[in-house]
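Engineer: Have a look; sequence and predicted model below, questions after that.
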Amino acid sequence: MDRGLKGKAALVSGASKGIGRAIVQRLVAEGMQVLGIARGGCDVPGAIGLVADLRDPAAPAAAVARAVRDFGRLDLLVNSAGATQRGDFLSLDDEAWADSYAGKFFAAVRLTRAAWPHLAQAQGSVVHIAGIGGKMASADFTIGGSVNAALMNLTKALADRGVQDGVRVNCINPGSIRTDRLTGRIATAMKEKGLDETGAATFLAKSTGVARFGEPEEIAAAVAFLASGEASYFQGAIIDIDGGWLRAT
């Protein structure tokens, strides 16, 4: 299916692995020019990789400037960077909170602010990758939950501005997606339960009430849809892609 993305330009953060890397791969396959940024760079064939630490307040604007310089335009920004620290609330100090917010929430704020004039010119869009934890509270995910909730609220606020400026802003909340972090949990379950990889993955998935874990490519497909003209009436949408894990509005 031709989504009309060929020749357009995208900037994707968190592009070195997992969901971010899958998004870069999908957008390249759609014919887009893509700059993928991450602390580990991005080695996806057909994309330009940029090594950058978005916790540095100056890095987001520099990344946007690089994308516009290389492509001459910017049609899509995907904020996928930032793994937040997990742990019980009482064990997390101020440094843990500051680092997690800097790497995910403030990185998204700064990238979006720098990209906005270019996105407005192109009548483009922003997609935030938050997480279903922003709707589900737990003591060992206090930081991640609050960061994801903040990204959802930011989506709504920017969508309000986007109506005026012609920029669409939407958000995806992945559930349990088969990334490196989840692979580690599966390996632990294999040892503790004496299961093979498939059995351990099934056990963990059922423990959260879903049939299976998601794949990064499934999130990437949703990003491609949101970036396309098919989603032209999506504005401020919060899309849960979690296999039915969240059973509340």
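Structural biologist: That came through, no problem.
Engineer: next one: whatever helix or strand A201 lives in to chain centre, how far?
Structural biologist: Under the criterion of DSSP states H and E, A201 resides in helix 197-207. Between the centre of helix 197-207 and the centre of its host chain there is 24 Å, according to Cα atoms, centre = their mean, to the nearest Å.
Engineer: Give me the mean pLDDT for it.
Structural biologist: Across helix 197-207, pLDDT averages out at 86.
Engineer: Tell me the buried residues in that helix?
Structural biologist: For helix 197-207, burial by neighbour count (16 or more other Cβ atoms under 10 Å) applies to A200, A201, T202, L204, A205. C-beta: built from backbone N, CA, C; applies to glycine.
Engineer: For the helix or strand of the chain with the lowest mean pLDDT, give me every contacting residue.
Structural biologist: Across the helices and strands of the chain, mean pLDDT, DSSP states H and E gives its lowest value to helix 180-193, namely a mean of 83. Around helix 180-193, the neighbours that count as contacts under Cβ atoms under 8 Å, 6 or more residues apart in numbering are 17-18, 83, 176, 195-197, 199-201, 203-204, 213.
Engineer: domain parsing for the protein?
Structural biologist: According to automatic domain parsing, the chain comprises the domains 9-177+215-241, 180-213.
Engineer: how about low-confidence regions in the chain?
Structural biologist: Counting by pLDDT under 70, the chain has low-confidence residues at 249.
Engineer: Using the centroid of it, identify the residue furthest from it.
Structural biologist: What lies farthest from the middle of the chain is G194; by Cα atoms, centre = their mean that is 33.2 Å.
Engineer: can you give me the helices for this protein?
Structural biologist: Assigned helices in the chain, in chain order: 18-29, 59-71, 94-100, 107-122, 142-165, 180-193, 197-207, 216-227 (criterion: DSSP state H).
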